[in-house]
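Visitor: need a structure here:
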Amino acid sequence: MNEFTRHTLESAPQESKGFLEASQKEMGSVPVLYAVMAESPEILTAYKQLHQQFTATSFNKEELTVVWQTINVEHECQYCVPAHTAIANMMQVDPKITEALRNNTALPTQKLQALHEFTLAVVRQRGFVTKEQLADFFAAGYAQKQVLEVILGLSQKVISNYVNHVAETSVDPLFEQFAWNK
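Guide: Numbering: from 1, shown residues only. Got it, this is the predicted structure:
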């Protein structure tokens, strides 16, 4: 079996139905990512909880977007880059930030650039950041708390990016206008 099941409200395991129903009500449809994750209520629950926890961090909407999209682009997630472009638009994040992240160009502020570079270091070095990288991050105005919050955001994105890679998740029609390829 190579193709992953994309569950509907009818076919989903009972423990996943509440999440899918809430998504249907909130978004008008069930995102394909959630339809795939529904096979494992545990991963769907973990993903949703990590999302809630990450959005409750000290990061503002621009910083959340920088962390999410930095990881999505680095992981080459052709589902999450368009999805988070749409999310950034809904959050009214400056399109210059989103485009810089999608196209790997400089961000509009040094602080956001420092967050981007630190997030990349965490991903690429699997957490083995140098003292200099930490010092640069702190010099940009961040603290130990934000180091840990980047790791929380990475935890969320590893789940979605890797599920999308393994399941070859197709982009939802809602996000197709923001299609992306590395």
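Visitor: what helices or strands is the strand or helix carrying residue 158 leaning on?
Guide: Using DSSP states H and E, the element containing residue 158 is helix 144-167. Counting by 3 or more CB pairs under 8 Å, 6 or more residues apart in numbering; DSSP states H and E, the packing neighbours recorded for helix 144-167 are helix 32-37, helix 41-55, helix 61-74, helix 80-90, helix 110-124, helix 131-139. C-betas here are computed from N, CA, C, even on glycine.
Visitor: show the model's pLDDT score for residue 180.
Guide: You'll see residue 180 listed with a pLDDT of 95.
Visitor: isn't it up against residue 81?
Guide: Yes. Under the criterion of CB atoms under 8 Å, residue 180 makes contact with residue 81 at 4.0 Å.
Visitor: joint contacts of those two?
Guide: Residues touching both residue 180 and residue 81 by CB atoms under 8 Å, 6 or more residues apart in numbering: residue 102.
Visitor: tell me which of these two has more neighbours.
Guide: Shown here are residue 180 and residue 81; by other CB atoms under 10 Å, residue 81 has more neighbours (25 against 21).
Visitor: circling back: export the helices and strands packed on helix 144-167 as CSV, with columns for distance to residue 4 and mean pLDDT.
Guide: Formatted as CSV, the entries for the helices and strands packed on helix 144-167 read as follows, by distance: least, CB to CB, whole Å; pLDDT from 0 to 100:
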stretch, distance to residue 4, mean pLDDT
helix 32-37, 5, 97
helix 41-55, 12, 97
helix 61-74, 20, 98
helix 80-90, 16, 97
helix 110-124, 25, 98
helix 131-139, 37, 98
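Visitor: mind putting those helices into a markdown table with distance to residue 8?
Guide: Output for those, formatted as a markdown table (distance: least, CB to CB, whole Å):
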| stretch | distance to residue 8 |
| --- | --- |
| helix 32-37 | 7 |
| helix 41-55 | 14 |
| helix 61-74 | 26 |
| helix 80-90 | 20 |
| helix 110-124 | 34 |
| helix 131-139 | 44 |
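Visitor: right, so of those, which gets closest to residue 24?
Guide: Judged by CB to CB, the one of the helices and strands packed on helix 144-167 that comes nearest to residue 24 is helix 32-37, at 9.5 Å.
Visitor: leaving out chain neighbours, which residue sits closest to residue 83?
Guide: residue 175 (5.0 Å; CB to CB, 6 or more residues apart in numbering).
Visitor: Three-state assignment for the one you found, please.
Guide: helix (DSSP: H, G, I helix; E, B strand; the rest coil).
Visitor: neighbours of it, how many?
Guide: 20.
Visitor: how about the contacts made by it?
Guide: Residue 175 makes contacts with 79, 82-83, 85-86, as judged by CB under 8 Å, 6+ apart.
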